[in-house]
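Asker: Sequence below, structure please.
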Amino acid sequence: MVQFEKYTESEIIQRIAGGEKSLYEIIVRRFNAYLYKVGRSYNYSHEDTQDLMQETFIDAYKNLSAFEGRSGFGTWIIRIMLNNCYRKKQKAGFKNEIMQDVSENSKPMFTRSNNDTDKMVQSRELGHIIENTLAKIPLGYRMAFSLREINGLSVSETASLLHISEVNVKVRVNRAKTMLRTEIEKTYSPGELFEFNLIYCDAMVQNVMKKINEL
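Answerer: Model (predicted):
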């Protein structure tokens with residue numbers, strides 16, 4: 001699987017759907033970091049987030065035929081993760097808050113390449129500061145910020161996943177930036193948030209592939 005990066009999403013999905021189960025490892029490795037950041041942004045613990053990730057990867061595999069390709073696979077699997085996170089909160093009696101913002105000003109906080117999300121944490125202390133600060137922000141703002149600024153989704157993708165308008169995405173991200181401004185301006189890069197390193201990645205791959213092969 002060393003050369004997994006050479007495959008496109010459509011090629012991977014077609015081959016998995018054609019019976020090449022082993023290639024699902026590529027999906028797990030490619031989206032581990034994204035799903036981890038979603039779960040942690042929901043304020044779930046490391047352990048609970050791992051459980052939700054595994055559930056999401058299994059759900060995605062079982063419903064692979066339902067993926068129509070109208071949006072990117074990343075958006076599709078993140079939506080499954082969000083649904084699983086939401087259901088878990090609902091079971092715990094969580095009530096999702098409703099926010100009504102009107103400001104339309106929004107500018108990207110980070111300029112970065114597609115590979116930045118996967119960089120190893122260079123400053124664990126700073127990463128913990130930001131993670132802890134994010135946990136104090138209301139869920140709606142936190143999730144918009146996570147999807148847009150940390151996972152690098154577009155405004156339209158974020159709006160679709162959160163079932164809000166693009167204007168509200170911009171509003172929530174802007175307000176989240178304001179809340180985090182003090183910590184974020186301390187030489188922070190998106191990849192420093194919510195590390196899901198190689199040790200955890202390998203374990204997730206092993207657990208998911210074991211479940212997949214049992215299906």
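Asker: Break down the chain into its helices, ranges please.
Answerer: In the chain, the segments counted as helices under DSSP state H are 9-17, 24-41, 46-62, 73-91, 124-134, 139-145, 155-162, 166-184, 198-214.
Asker: Confidence-wise, which of these is weakest overall?
Answerer: Among the helices of the chain, helix 124-134 carries the lowest mean pLDDT, at a mean of 70.
Asker: before we move on, the earlier item: what would the helices of the chain look like in JSON lines with mean neighbour count?
Answerer: No exception for glycine: its C-beta is placed from N, CA and C like everyone else's. As requested, the helices of the chain are arranged in JSON lines below (neighbours: other CB atoms under 10 Å):
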{"stretch": "helix 9-17", "mean neighbour count": "15"}
{"stretch": "helix 24-41", "mean neighbour count": "23"}
{"stretch": "helix 46-62", "mean neighbour count": "18"}
{"stretch": "helix 73-91", "mean neighbour count": "18"}
{"stretch": "helix 124-134", "mean neighbour count": "15"}
{"stretch": "helix 139-145", "mean neighbour count": "23"}
{"stretch": "helix 155-162", "mean neighbour count": "19"}
{"stretch": "helix 166-184", "mean neighbour count": "19"}
{"stretch": "helix 198-214", "mean neighbour count": "14"}
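Asker: to the chain's geometric centre, what's the distance from stretch 34-53?
Answerer: Its chain's average C-alpha position is 9 Å from that of stretch 34-53, according to CA atoms, centre = their mean, to the nearest Å.
Asker: can I see the domain layout of this structure?
Answerer: Split into domains by automatic domain parsing, the chain comes to 4-95+196-214, 116-192.
Asker: any idea how far residue 161 is from residue 76?
Answerer: When distances are taken as CB to CB, to the nearest Å, residue 76 and residue 161 turn out to be 10 Å apart.
Asker: Check residue 41 too.
Answerer: Counting by CB to CB - residue 41 and residue 161 are separated by 12 Å.
Asker: can you check residue 167 too?
Answerer: Using CB to CB, we find residue 167 at a distance of 16 Å from residue 161.
Asker: Now do the same contact list for residue 10.
Answerer: Shown in contact with residue 10 (CB atoms under 8 Å, 6 or more residues apart in numbering): residue 69.
Asker: Tell me the spacing between it and residue 207.
Answerer: 26 Å.
Asker: what's the answer for residue 215, then?
Answerer: In this structure, residue 215 and residue 207 are separated by 14 Å, where distance is defined by CB to CB.
Asker: same deal with residue 36?
Answerer: Distance check for residue 36 against residue 207: by CB to CB, it reads 14 Å.
Asker: where do the contact lists of those two overlap?
Answerer: With contacts defined as CB under 8 Å, 6+ apart, no residue is adjacent to both residue 36 and residue 207.
Asker: Leaving out the residues flanking it, which one is nearest to residue 27?
Answerer: Leaving aside its chain neighbours, residue 27 sits nearest to residue 12 (6.5 Å; criterion: CB to CB, 6 or more residues apart in numbering).
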